[in-house]
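S.K.: Sequence and computational prediction follow.
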Amino acid sequence: MSNNDILLGIELRCCPICGKEHNVEIRKRKTEIKIKDSMVNYDEKYYKCTNVSDDEDNEYISAKMLDENLLEAKDVYRNKKDY
Ligand SMILES: [Zn+2]
């Protein structure tokens with residue numbers, strides 16, 4: 001597990017991982033994506049279910065989050081190109 005992920009907050013929502021409604025952690029971490037021909041480092045947001053152990057698949061990204069992550073990556077990409 002990476003140690004550069006940061007807890008942003010918690011949100012009460014229906015969790016698709018354990019199938020219950022509970023406080024899910026909102027976290028972010030540095031990640032890399034390839035846009036066109038360059039690698040872009042950006043902050044990716046994701047939800048983490050604390051009802052299952054770390055050995056299991058306990059992370060997911062909602063459709064809204066996916067959009068936000070993509071926008072963030074494109075922003076970084078644009079800024080990078082300006083320099
Ligand atoms: Zn859960």
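M.R.: Cool, got the structure. Remember, predicted model here, so these are calculated numbers, not experimental data.
S.K.: going forward, measure contacts between C-alpha atoms and count neighbours the same way
M.R.: Noted.
S.K.: Tell me the bridge partners for residue 9.
M.R.: residue 26 (DSSP bridges).
S.K.: Return the residues in contact with it.
M.R.: Residues in contact with residue 9 (Cα atoms under 8 Å, 6 or more residues apart in numbering) are 25-27.
S.K.: quick one: which of those residues is nearest to the ion?
M.R.: Nearest to the ion among these is residue 25, at 9.4 Å by Cα to the ion.
S.K.: What segments of the chain are strands?
M.R.: Per DSSP state E, the chain carries strands over the ranges 6-14, 21-35, 38-48, 59-60.
S.K.: quick one, which of these is packed in tightest?
M.R.: strand 38-48 (a mean of 19; mean count of other Cα atoms under 10 Å).
S.K.: Kindly export that one (C-alpha atoms) in CSV.
M.R.: Listed next in CSV are the C-alpha coordinates belonging to strand 38-48 (Å, rounded to 0.1, in the frame of the first residue of the first chain):
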residue,chain,number,x,y,z
SER,A,38,3.4,12.4,-21.9
MET,A,39,3.1,11.0,-18.4
VAL,A,40,1.1,13.2,-16.1
ASN,A,41,1.2,13.1,-12.3
TYR,A,42,-2.0,14.1,-10.7
ASP,A,43,-4.1,13.6,-7.6
GLU,A,44,-6.6,10.8,-8.0
LYS,A,45,-9.6,10.7,-5.6
TYR,A,46,-11.2,7.5,-4.6
TYR,A,47,-13.5,5.9,-2.0
LYS,A,48,-12.3,3.4,0.5
